[in-house]
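*Asks:* coords please:
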Amino acid sequence: VGTLGIVLFTPLLSSVLRGLPVLTAPFIIATWLLHSGIMPHDMSVPSGEGAGSVLLKNYPVALSGSFMEIFMFPDAVGGILVMLGLLAGSRKLLMITVVASFLSVVVSFCIPELSPDKISAGLYGYNAILTAVAVYAFAGDNQFNNIFLGCGAIILAFIIPALIGPLIPVPLLTSPFVISTWLYILAQRRCVSSHI
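*Replies:* Numbering: from 1, shown residues only. Okay, here's the model as predicted:
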């Protein structure tokens, strides 16, 4: 039922978005519709132990976890395979995604309310990585705007879960990636049109 809904909903969403890429929005919306009323309303993240003290010990695991969470691989090897795939495509893209993951993991470990286990599992890094890939894919010719807007989109992909995650009774999934990528593309278009 969910897959059929996604297949039927994607063309409709494409026409509504007027030139914005659909990305994973059909999956997100279908999942939210399936889970509405079924999942518990308390989706807050449980408090973790002193997260800052485990940063150095858990960072390599968390970095790989962020990459493995993109495809829901069960172990760090999956994360390493994703990184190798990015490297095969572009060294620059791999570096951008590693920096995005690094920043999201470092910031996550500095927030005491976040669980180190969830950080290490990649639950706070994969949206930043997906957004970095999208920014790289949709980047235009204006390097300054791309760097400025791209960094903003990646930061936003990390901030969105903290801001709206506790407010909605369904899992965020990749919605921070979708929202920040759409805002990046719209801002990029606005910058281009203001220079014409």
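*Asks:* rest of the way, CA atoms for contacts and neighbours
*Replies:* Will do.
*Asks:* report the buried residues of the longest helix belonging to the chain.
*Replies:* When the chain is parsed with DSSP state H, its longest helix is helix 143-164. Using 16 or more other CA atoms under 10 Å as the test for burial, helix 143-164 gives 145-146, 149-151, 153-161.
*Asks:* in this structure T10 contacts L23, no?
*Replies:* No: when contacts are counted by CA atoms under 8 Å, T10 is not listed as touching L23 (9.6 Å).
*Asks:* and the residue lying closest to H35 once chain neighbours are set aside, which of the three is it?
*Replies:* Sequence neighbours aside, V170 is the residue nearest to H35 in space, at 6.6 Å (criterion: CA to CA, 6 or more residues apart in numbering). Using DSSP: H, G, I helix; E, B strand; the rest coil, the secondary structure recorded for V170 is coil.
*Asks:* which pLDDT value belongs to V170?
*Replies:* Per-residue pLDDT puts V170 at 82.
*Asks:* what does the one 10 residues further on give?
*Replies:* At S180, the model reports a pLDDT of 95.
*Asks:* can you list the domain ranges for this protein.
*Replies:* 1-38, 52-194 (automatic domain parsing).
*Asks:* what's the most buried one of those domains?
*Replies:* domain 52-194 (a mean of 19; mean count of other CA atoms under 10 Å).
*Asks:* give me the low-pLDDT residue ranges for the chain?
*Replies:* Residues of the chain that meet the criterion pLDDT under 70 lie in 1-5, 37-63, 74, 140-145, 195-196.
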